[in-house]
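[1] take this sequence and fold it.
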Amino acid sequence: MQLDARKLLFDMQQAVQRITRFTGTGTFDSYLADEMMRSAVERQFGIIGEALSQLNKIDPQLAQRITDYRKIVGFRNVIIHGYDAISDAVTWDIITSKLPVLAAELDQLLV
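    Below is the predicted model of the structure:
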């Protein structure tokens, strides 16, 4: 694996860990009530999507090993360019149902 690819995977892993730490054992209601948390989470999703987009440019086969990699990059685009269309419910669903899958895949790729 190229050093640049490894760094991008590591950056994604760190962002996933931050989102997990930020949201902790919280609930959707606590997420809605904390504007700073929502902002921080969205920033980390932006990092994940951008790193994955860059990974896809330098090593498409590696990027494709990540489940829903195109959707992840698309979500980054919504966060960055369509900030007014972000659904907190969709974001929370991604945190609770999709982020654990991404975390496991990144852990496996970085072994």
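[2] which of the residues in the longest helix seen in the chain are buried?
    In the chain, assigned by DSSP state H, the helix with the most residues is helix 35-58. Neighbour-count burial for helix 35-58 flags 37-38, 40-42, 44-56 (criterion: 16 or more other Cβ atoms under 10 Å). C-beta here means a position set from N, CA and C on the backbone, and glycine is covered the same way.
[3] for stretch 80-93, same thing?
    The neighbour-count check on stretch 80-93 (16+ other Cβ under 10 Å) flags 91, 92 as buried.
[4] ranges for the helices of the protein?
    For the chain, the helices defined by DSSP H cover 3-23, 28-33, 35-58, 60-63, 69-81, 88-93, 99-109.
[5] now the angle between helix 3-23 and the fifth one, please.
    In this case it means helix 69-81. 70 degrees (axes from the mean of the first three to the mean of the last three Cα atoms, to 10 degrees).
[6] over to the last one?
    Per the same axes, to 10 degrees, the angle that helix 99-109 makes with helix 3-23 is 150 degrees.
[7] pLDDT below threshold where in this protein?
    The model of the chain has pLDDT under 70 over residues 1.
[8] can you do 80?
    Within the chain, the ranges that satisfy pLDDT under 80 run 1-3, 83.
[9] doesn't residue 76 make contact with residue 56?
    No: Residue 56 is beyond contact range of residue 76, at 11.7 Å (criterion: Cβ atoms under 8 Å).
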